[in-house]
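Peer 1: sequence-free structure coming up:
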């Protein structure tokens, strides 16, 4: 056994296991990077070394983000004391006592002038379970506001809404990830796991070896390329047409007699209306909508059905359908995820021994972070805040009158639109989010941040959002805190402290407990993670996400804890074997069809030069890039945003590989370099969303949302692309100016 601290990676929901040990040579390791990189970038003092650790999700492997994750712990750009913005716009240090008094005064002033709901909290899917739980409690009892939501609304909300609607519960993967190893066919909808969570790819190898990996992506991404050389099929639809494609596959399953009719009759409701709705989506029609050949639509349906039948009848192989953000981050994302679930139910996959349906959670605690109260409409244990029984339960756990618990708040996009408005949020707390880069229509969000009466940002670096703050509060990083996370399988795991935080840094639990005291909040607020988790156990008991049978001692002993895990049970690694979570035990199938907006052409006769912009992630970076852009090795590999476009598209516009281009629409403009290759459709361009300033993809995305989930439309924005015609010297000066602005 290696010595050191056994913990998990701070980045994605795969939560790869790692061991942290003291650096063998102080001062050696990965250097820090300013944002962006420069010759004068401050150096880091590496404090820990990272080693991969055996665990089912990663089997000892790490991606380059994981291997370099310790670089930020000793980074010279770390915020280590409270910083107050002066009238000149410069942040200067203040004491913690002064900072706490300023926050308390700002909250009370906002209450007096605008009411309790003028104070808001924006959380994160990266917070530990303990922090996410106490943040929801802090907002509702200490700040007395309903205005709380989090950045997971941008990630998992459509998948969650579809799962709750169909199954009665939302757990990303309702089975251990290792179950995928034996699959002969895996349909991967809109997820580029080879770049977003590379160690996950090993779980696809069995399907690839069986020529059964089917990837849906408008780009020939690294994951789609994995289907080459006989590994499977790549379906490359026009962005925004995923729903039609899934309906087309379902049509074939139904009309070729491939559906599991016994499963539909015994375990589902609503299947008859779904079957009727599929008649309009025959393969040739779907080809005209999506651009995917009818032959491939038929072949996909047949491969899925064959694998499902062999797994059920002969007990070998298996069939899985997995969805990701590519099909969910749309205004019809919930319906698209619902169509994928309907397809899985037609095939009889959910709850079967060797097959299933799941969605791939993105952020590190994207699963636990959406279960315990930092969502606008939620109480701990995945309870609805509008449910009288749930409110009574939480009032008892918290020791308060039920009337003190506010009602539902606003989902993230609506929440952010309210910033600075007369009846909106005027005083805002941000924990672990960088909305100035990650939110749709980022220019409008930044304007909202600047219109606030008071903005408090809790972070460990001066992110783009922190730069807008009146007060920046330095908080502990992942390796400096204790707690729990819940990975993409619904498995609760331990985060362990390997370092003591710098002297001026505090934990967010400490901050909430101190502010709750200063605001005379009812109930109790602890700064001890174990104590908070014990309260979370009580709060979640009897809920859908029941953690009541889990404790730190169990997790520290190496127990595999999959929720629901009520007291007296052994947990639930696999859901749905005996029934679904609806009262009658059946899955609910809901007929869905593409919206009129989804059928809109991005290259219409009226606007022949427009293109469909898709946004996404790069291998080297994570989310808004606030952390990974500060790791020199990662930043050197991908220092700036580049627009991926097809050679035909580039040629028509006089664009050359590496040349500067502008990308514009009615919301904004970005200027980036072109990356010309054949891995993308001619009618589509791709821009990563990790970068700020003139390279910020979310200056272009639309704040339109899914009516059910509140998910923004990140994946299909209409844009116009032009070559920058400035002389090379002028273009270089523009890029230099852009970099200075970012830093």
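Peer 2: Alright, I've got the coordinates. All values derive from a computational prediction rather than experimental measurement.

Peer 1: avg pLDDT for stretch 510-526?
Peer 2: Per-region confidence: stretch 510-526 scores 98 on mean pLDDT.

Peer 1: oops, could you answer that again for stretch 335-348 instead?
Peer 2: pLDDT averaged over stretch 335-348 gives 98.

Peer 1: now that stretch: how far from the chain's centre is it?
Peer 2: Distance, stretch centre to chain centre, for stretch 335-348: 21 Å (C-alpha atoms, centre = their mean, to the nearest Å).

Peer 1: what's the neighbour count on residue 98?
Peer 2: As a burial measure, residue 98 scores 13 neighbours (other C-beta atoms under 10 Å). Glycine gets a C-beta too; all of them are placed from N, C-alpha and C.

Peer 1: centre of the chain to the one helix or strand it maps to, how far?
Peer 2: Under the criterion of DSSP states H and E, residue 98 resides in helix 96-114. Chain-centre distance of helix 96-114: 31 Å, with C-alpha atoms, centre = their mean.

Peer 1: what comes into contact with it?
Peer 2: With contact meaning C-beta atoms under 8 Å, 6 or more residues apart in numbering, helix 96-114 is reached by 82, 84, 94, 118-119, 143-144, 423, 426-427, 453-454, 456, 470-471, 473, 504, 506, 514-515, 518-519.

Peer 1: just the ones of the residues you listed in strands?
Peer 2: 84, 119, 427, 454, 456, 471, 473 (DSSP state E).

Peer 1: and of the residues you listed, the nearest to residue 557?
Peer 2: Of all the ones in strands among the contacts of helix 96-114, residue 473 has the smallest distance to residue 557: 35.0 Å, by C-beta to C-beta.

Peer 1: now stretch 176-188, how far from the centre of its chain.
Peer 2: 22 Å.

Peer 1: what's the end-to-end length of it?
Peer 2: Stretch 176-188 has an end-to-end distance of 17 Å (C-alpha to C-alpha, to the nearest Å).

Peer 1: which residues touch residue 175?
Peer 2: Neighbouring residues of residue 175 by C-beta under 8 Å, 6+ apart: 356, 358, 489, 573-575.

Peer 1: hang on, residue 395 in a helix?
Peer 2: Yes - looking at residue 395 with DSSP: H, G, I helix; E, B strand; the rest coil, it is inside a helix.

Peer 1: contacts only, for it.
Peer 2: By C-beta under 8 Å, 6+ apart, the contact list for residue 395 reads 401-402, 404-405.

Peer 1: residue 536 now?
Peer 2: By C-beta under 8 Å, 6+ apart, the contact set of residue 536 is 129-130, 133, 372, 380, 547.

Peer 1: hmm, 6 Å instead?
Peer 2: Residues in contact with residue 536 (C-beta atoms under 6 Å, 6 or more residues apart in numbering) are residue 133.

Peer 1: could you report the neighbour count for the closest residue to residue 168 other than its chain neighbours?
Peer 2: Excluding the flanking residues, the one nearest residue 168 by C-beta to C-beta, 6 or more residues apart in numbering is residue 581, at 3.1 Å. By other C-beta under 10 Å, 18 other residues sit near residue 581.

Peer 1: so residue 581 sits against residue 169, correct?
Peer 2: Yes - the pair residue 581 / residue 169 is scored as a contact, 4.0 Å apart, by C-beta atoms under 6 Å.

Peer 1: count of residues packed around residue 659?
Peer 2: 16.

Peer 1: give me the nearest residue to it, chain neighbours excluded.
Peer 2: That would be residue 674: by C-beta to C-beta, 6+ apart, it lies 5.3 Å from residue 659.

Peer 1: repeat that for residue 688.
Peer 2: That would be residue 618: by C-beta to C-beta, 6+ apart, it lies 4.8 Å from residue 688.

Peer 1: pretty sure the one you found belongs to a strand, no?
Peer 2: No - per three-state DSSP, residue 618 lies outside any strand segment and is coil.

Peer 1: now the helices for the stretch 451-600 of the chain?
Peer 2: In the stretch 451-600 of the chain, the helices defined using DSSP state H, counting those that start in this stretch lie at 508-518, 529-540, 552-556.

Peer 1: can you pull the buried residues of the first one?
Peer 2: Buried positions in helix 508-518, judged by neighbour count with 16 or more other C-beta atoms under 10 Å: 508-516, 518.

Peer 1: over to the longest one?
Peer 2: By neighbour count, and taking 16+ other C-beta under 10 Å as the criterion, the buried residues in helix 529-540 are 529, 532-533, 535-540.

Peer 1: contacts only, for the residue nearest to residue 168.
Peer 2: 167-169.

Peer 1: quick check on the residues you listed: which are buried?
Peer 2: Neighbour-count burial (16+ other C-beta under 10 Å) is assigned, among the contacts of residue 581, to 167-169.

Peer 1: what is the nearest of those residues to residue 386?
Peer 2: Minimum separation from residue 386 among the buried ones among the contacts of residue 581 (C-beta to C-beta) is found for residue 168, which lies at 16.6 Å.

Peer 1: rewinding a little: now, among the buried residues of helix 508-518, which is nearest to residue 595?
Peer 2: Of all the buried residues of helix 508-518, residue 595 sits closest to residue 508, with 39.3 Å by C-beta to C-beta.

Peer 1: so the closest one makes contact with residue 473?
Peer 2: No - judged on C-beta under 6 Å, residue 508 makes no contact with residue 473 at a distance of 8.7 Å.

Peer 1: can you list residues touching both of these two?
Peer 2: Residues touching both residue 508 and residue 473 (C-beta under 6 Å, 6+ apart) are residue 458.

Peer 1: what does the pLDDT read for residue 46?
Peer 2: 72.

Peer 1: so it touches residue 21, yeah?
Peer 2: No - Residue 46 is beyond contact range of residue 21, at 11.4 Å (criterion: C-beta under 6 Å).

Peer 1: which one's more surrounded, the two?
Peer 2: Legend: neighbour count by other C-beta under 10 Å for residue 46 and residue 21, higher for residue 46 (25 against 15).

Peer 1: any figure for the gap between the more buried one and residue 76?
Peer 2: 12 Å (C-beta to C-beta, to the nearest Å).

Peer 1: list the contacts for residue 21?
Peer 2: 4, 49 are the contacts of residue 21 under C-beta under 6 Å, 6+ apart.

Peer 1: distance of it from residue 627?
Peer 2: Distance of residue 21 to residue 627, given as C-beta to C-beta: 21 Å.

Peer 1: over to residue 379?
Peer 2: Distance, residue 379 to residue 627, using C-beta to C-beta: 31 Å.

Peer 1: thinking the residue nearest to residue 659 is in contact with residue 662, fair?
Peer 2: No - assessed by C-beta under 6 Å, residue 674 is found out of contact with residue 662, at 10.6 Å.

Peer 1: which one's more surrounded, those two?
Peer 2: Neighbours per residue, other C-beta under 10 Å: of residue 674 and residue 662, the larger number sits with residue 674, 24 against 16.

Peer 1: what residues are bridge-paired with the more buried one?
Peer 2: residue 643 (DSSP bridges).

Peer 1: can you read off the pLDDT for it?
Peer 2: As predicted, residue 674 sits at a pLDDT of 98.

Peer 1: could you pull out the strands for the stretch 151-300 of the chain?
Peer 2: Secondary structure of the stretch 151-300 of the chain (DSSP state E, counting those that start in this stretch): strands at 185-189, 213-216, 232-235, 268-269.
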